[in-house]
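**Q** 3D, please:
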Amino acid sequence: MQTMATLPLTHPAAAAADVWGQPRGLWVLAGTELWDRISFHGMQALLVLYMVGALLLPGHVEHVAGFAGFRRLVEGVTGPLSVQALAAQTFGLYVGLIYFTPVIGGWIGDRLTGRRFAVSLGALLMTAGHFALAFDVTFLLALLLLILGAGLLRGNLSAQVKSLYADGDRREADAFQLYYVAINLGAFIAPIITGALAALYGWHTGFGFAGFGMLIGLIVYLIGQRHLPPDTARAAVVEHAPLTGSDWSRIGGLAIVFPVQICFWIAQSQVWNVYNLWVRDHLNLRVGGFTLPVPWLQALDGVAPILVMPAFLALWRWQAKRGAEPDDIAKLAIGCAIFALGTAWLAAAPYVSGADGRAPLLWAVAFHLISNIGWLYFTPISLALYATKSPPSLRGTLVGINYLSTFFASIISGRLGGFYETMDPARFWLMHAAIVGGGGLVLALLARPLRKLFAA
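**A** Modelled structure (predicted):
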């Protein structure tokens, strides 16, 4: 059996055709991810508002194929739910499963189909799912197609980034940051477009745009495949090598980080979920004579990381030159602490609210800047940790498991979102600050043994 030492670690074509200091394949993957996120976040920004404001109301919900059975199943676990609580729980289940299926999809890409085919099929299923959302009757079918498609696309797409670089290539860390720029650029653009389309032409027009976005992503990926490392039998020999003691040590380290990821994503998932309702009810959206559509606030969650990223990349390089850059474990703990500060900031909104009970728009802008500094310290670093510390034979599977943390978090946050109607908003957001802040504290306490495991 051939070993890692005898095989090339990068695709030769990628190494010979750099653009802006990075392999062309990175820009193909980032471009595909950009359009994936335009479709995903465009739809996500509308989903809770659509369910609460239209789909789950009498006159609509009766037309959704299979929804009566779905509701019985959910309420058999949770008990009777109001429209708002049912919307939050449905959203949590959907987002959770979006992040669960990459575990299976990563295994399929690693072992059965190859990553290219898995990504292509996943994008096709997601395109069909977004278009199916344009009709009430196919709502549940649409969510199913999106869940299955995301499973094939997500773990396999990001897992290909690592394959573009040799071990020790300093550009790899920057590559994951650039990859996340694409994610956040899509998250910024999408809510503005779909929010405007939904306000002007109805919910289904916004969902239809999301379908076209995913179709463009599929086209970008198919055209750019020549710049990606091939799925070959030779590569499969490497990736199916037996696990060593060092491999198991690093897997153990990832297992310790995993619960902290759940804590982080519980808070982040609530920003996608109930936060939209908080914005609707407690934020002053008037700018001059214009009222901002609620989904536009989700655009801030996409653009904020892009705005703060250059400063923090420069900070980390400055710290690295002086031997003072926090390592990955420290960055994850810092990210949790800063995100906790952001959710606590929301809890403090009543202190700056006007007589109408609405906080100024700038309060939400500050929240997105604070929380996304935490996101920058946590999310790209955790993905890079899984991609770089995973054994080659399990890289796609373990990158999928990275997404599994968001599955558990979204299920939990969906359940917690049901308390929004009965809890004071300040206590609701302080609860989430305690969850993510507590996760960061645990990580800080376990930093030393974690470093030993990852250094094995």
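**Q** residues in contact with stretch 337-348?
**A** With contacts defined as CB atoms under 8 Å, 6 or more residues apart in numbering, stretch 337-348 is touched by 264, 267-268, 275, 278, 363, 366-368, 370-375, 377-378, 425-430, 432-434, 436-437, 440. For every residue, glycine as well, the C-beta is placed using N, CA and C.
**Q** in stretch 46-56, which residues are buried?
**A** Buried residues in stretch 46-56, counted by 16 or more other CB atoms under 10 Å: 46-53, 55-56.
**Q** state the mean pLDDT of it.
**A** Averaged over stretch 46-56, pLDDT sits at 92.
**Q** what's in contact with it?
**A** 60-61, 64, 83-84, 86-88, 90-91, 94, 136, 139, 194-195, 198, 203, 206-207, 273-274, 276-277, 280, 294-295.
**Q** for that stretch, list the C-alpha coordinates in PDB.
**A** C-alpha atoms of stretch 46-56 as PDB (Å, rounded to 0.1, in the frame of the first residue of the first chain):
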ATOM      1  CA  LEU A  46     -37.600  34.500   4.900                       C
ATOM      2  CA  LEU A  47     -38.500  31.100   6.300                       C
ATOM      3  CA  VAL A  48     -39.600  31.900   9.900                       C
ATOM      4  CA  LEU A  49     -41.300  35.100   8.800                       C
ATOM      5  CA  TYR A  50     -43.100  33.200   6.000                       C
ATOM      6  CA  MET A  51     -44.300  30.500   8.300                       C
ATOM      7  CA  VAL A  52     -45.500  32.900  11.000                       C
ATOM      8  CA  GLY A  53     -47.000  35.400   8.600                       C
ATOM      9  CA  ALA A  54     -48.600  33.100   6.000                       C
ATOM     10  CA  LEU A  55     -47.900  29.400   5.700                       C
ATOM     11  CA  LEU A  56     -49.000  28.200   9.200                       C
END
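**Q** chain center to that stretch, what's the gap?
**A** Between the centre of stretch 46-56 and the centre of its chain there are 21 Å (CA atoms, centre = their mean, to the nearest Å).
**Q** same deal with stretch 152-172?
**A** The gap between where stretch 152-172 is centred and where its chain is centred comes out at 17 Å by CA atoms, centre = their mean.
**Q** and that stretch, what's buried?
**A** Buried-residue list, stretch 152-172, by 16+ other CB under 10 Å: 152-165, 172.
**Q** packing partners for the one helix or strand residue 119 maps to?
**A** Assigned by DSSP states H and E, residue 119 belongs to helix 115-132. The contact analysis (3 or more CB pairs under 8 Å, 6 or more residues apart in numbering; DSSP states H and E) places helix 115-132 against helix 24-50, helix 83-108, helix 139-162, helix 203-223.
**Q** in it, what counts as buried?
**A** 115-116, 118-132.
**Q** likewise for stretch 204-222?
**A** 204, 206-218, 220-221.
**Q** contacts for that stretch, please.
**A** 28, 31-36, 38-40, 42-43, 46, 119-120, 123-124, 126-127, 129-131, 133-135, 190, 193-195, 197-198.
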